[in-house]
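# this is the structure alone, sequence omitted:
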């Protein structure tokens, strides 16, 4: 229960940061995808199913504040969370140094899903060179903030039993 | 995945429940956003002003040169003003003061990378509603309200690809052709298509809102000036690029007009 409350707080914080602070902190006119980076951290900590579920909730929450169709971010985040969770499950050991790489690859994957599905549902100009450039810059920005976001969100996503297991080791 | 696709379809169909969900969520989070803005905006404004110091210095020198030139052009300007008044009379253009409005501050920009929006610090509590036009004092169109909570509202800028408006060109001594202006993803200029291929478009001509009976915008709001003409895609229309008359990235105070179309759109 406490874990869900912590994750709920992560969602609210990400929405507020995305809609306030990061509207001002743009690189070449592009903002990072704070919510997506949080999803990557949860998927990396807890696997594909948790990544997909948290991705859906986070994406839907962000969608409520955007002018793009409701459900578009939810779909992109859920698929990205699932994919990163699968990747994590296949790894022998994890290291914090992977955070920027996961931030970049996950940002790229999530951004591409977003613009592709957006174009399919009729969003004008989503499949264009300009959009691809935006996805790339956003992925680089995601990689930059990932080392700050990952430790905080992974701690919030950690299950009590997993914590005990880590302590025992 | 199925749920997401269902939600996208629901939103695309214009279901009222989606709009209600957005408003409810924004009402809940708005107080936290306002607190965050109170903390963040003084800092970002400070750094923004530092970054603009050099720019302001060169702008100052440029303005001094322009002032000298402008003093000589005052007489010419007075003649142009008289001409504009004549055109306004011809078109029966209203003044911006004809509509009551709500003055609001721009507190944030777009929350994502695929839309061009502004967030205002006032919402339904101040009388702002969906689809109301947003202008700069003086009558330049900035956009229209697309989402509103009790204390905040979101404005879709005129250069967003989802934005479109019917316009009328103002040409010397006469009413110019009408057309449709819309935002573009790859540029902050608006694309303009006119319906009449026999009309010639010239750089510098001003496009104002056409304001038909069912339009969301009143007649006569300045939209942009023609910056370049484009070879038409078909022989039945003229195409051009419009530069918005205001810098949409540097807005502070705006006015939301309490305007309702004469007929339902």
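Noted; the coordinates are in hand. Bear in mind the structure is a predicted one, so any value in this text is a computation, not a measurement.

# tell me where the longest helix sits in chain A.
Identified as the longest helix of chain A according to DSSP state H is helix A:129-157.

# which elements pack onto that one?
helix A:2-19, helix A:34-46, helix A:99-120 (3 or more CB pairs under 8 Å, 6 or more residues apart in numbering or on different chains; DSSP states H and E). C-beta: built from backbone N, CA, C; applies to glycine.

# of those helices, which is nearest residue B:107?
helix A:2-19 (10.0 Å; CB to CB).

# quick one: contacts of that closest one?
A:31, A:33-35, A:38, A:42, A:54, A:57-58, A:61-62, A:65, A:152-153, A:156-160, B:29, B:32-33, B:36, B:108, B:111-112, B:119 (CB atoms under 8 Å, 6 or more residues apart in numbering or on different chains).

# quick one: the residue most central in space within chain A from residue A:110, how far?
Nearest residue to the geometric centre of chain A (CA atoms, centre = their mean): residue A:36, 1.7 Å. The spacing between residue A:36 and residue A:110, counted by CB to CB, to the nearest Å, is 5 Å.

# need the overlap of contacts for those two.
A:76, A:77, A:80.

# helix or strand: which one has the last one?
Same thing as residue A:80. Taking DSSP states H and E as the definition, residue A:80 sits inside helix A:72-89.

# what packs against that helix?
So helix A:72-89, by 3+ CB pairs under 8 Å, 6+ apart, packs with helix A:34-46, helix A:48-63, helix A:99-120, helix B:2-12.

# single out the most deeply packed of those.
helix A:34-46 (a mean of 28; mean count of other CB atoms under 10 Å in any protein chain shown).

# rounded mean pLDDT for that helix, please.
What helix A:34-46 shows for mean pLDDT is 91.

# tell me how far that helix lies from the chain's centre.
Average the C-alpha atoms of helix A:34-46, do the same for its chain, and the two points are 5 Å apart (CA atoms, centre = their mean, to the nearest Å).

# that helix close to chain B?
No - using CB under 8 Å from any CB of the partner chain, we find that helix A:34-46 stays clear of chain B, coming within 10.0 Å at best.

# packing partners of that helix?
helix A:2-19, helix A:48-63, helix A:72-89, helix A:99-120, helix A:129-157.

# so where do the helices sit in chain B?
B:2-12, B:16-51, B:53-72, B:74-91.

# can you put these in CSV and add mean pLDDT?
Below are the helices of chain B laid out as CSV (pLDDT from 0 to 100):
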stretch, mean pLDDT
helix B:2-12, 79
helix B:16-51, 82
helix B:53-72, 74
helix B:74-91, 62
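
# need the winner for burial among the ones you listed.
helix B:2-12 (a mean of 17).

# and the angle for it with helix B:16-51?
90 degrees (axes from the mean of the first three to the mean of the last three CA atoms, to 10 degrees).

# flag the shaky bits of chain A, pLDDT-wise.
Residues of chain A meeting the criterion pLDDT under 70: A:91-96, A:161-169.

# now do the contacts for the closest residue to chain A within the stretch 151-265 of chain B.
Among all residues of the stretch 151-265 of chain B, residue B:185 sits closest to chain A, at 3.3 Å; criterion: CB to the nearest CB. Going by CB under 8 Å, 6+ apart, residue B:185 touches A:124, A:125, A:126, A:128, A:130, A:131, B:114, B:161.

# recalculate using a threshold of 10 Å.
Residues near residue B:185 by CB atoms under 10 Å, 6 or more residues apart in numbering or on different chains: A:123-126, A:128-131, A:134, B:114-116, B:159-162.

# tell me how many other residues surround the residue nearest to residue B:246 when sequence neighbours are not counted.
Of all residues not flanking residue B:246 in the chain, residue B:140 sits nearest, at 4.8 Å (CB to CB, 6 or more residues apart in numbering or on different chains). Neighbours of residue B:140 under the rule other CB atoms under 10 Å in any protein chain shown: 19.

# again with residue B:218
Around residue B:218 there are 22 residues (other CB under 10 Å).

# that one contacts residue B:101, doesn't it?
No - Residue B:218 is not in contact with residue B:101 according to CB atoms under 10 Å; the separation is 11.0 Å.

# tell me, what's touching these two both at once?
B:133, B:135, B:257, B:259.

# which pair of those residues spans the longest distance?
Largest pairwise distance in the shared contacts of residue B:218 and residue B:101, by CB to CB, is 9.6 Å, between B:135 and B:259.

# please say which of those two ends up with more neighbours.
residue B:135 (24 against 20).

# from residue A:50, how far out is residue A:7?
For residue A:7, the distance to residue A:50 - CB to CB - is 9 Å.

# oops, could you answer that again for residue A:73 instead?
From residue A:73 to residue A:50 the distance is 18 Å (CB to CB).

# try residue B:190
Applying CB to CB to residue B:190 and residue A:50 gives a distance of 45 Å.

# likewise for residue A:81?
Taken as CB to CB, the span from residue A:81 to residue A:50 is 8 Å.

# so what sits against both of the two?
With CB under 10 Å, 6+ apart, residue A:81 and residue A:50 have common neighbours A:39, A:42, A:43.

# nearest to chain B, of the residues you listed?
residue A:39 (13.6 Å).

# that closest one contacts residue A:60, correct?
No - if you go by CB under 10 Å, residue A:39 and residue A:60 don't touch, sitting 11.6 Å apart.

# common neighbours of these two, please.
A:11, A:73, A:77, A:78.
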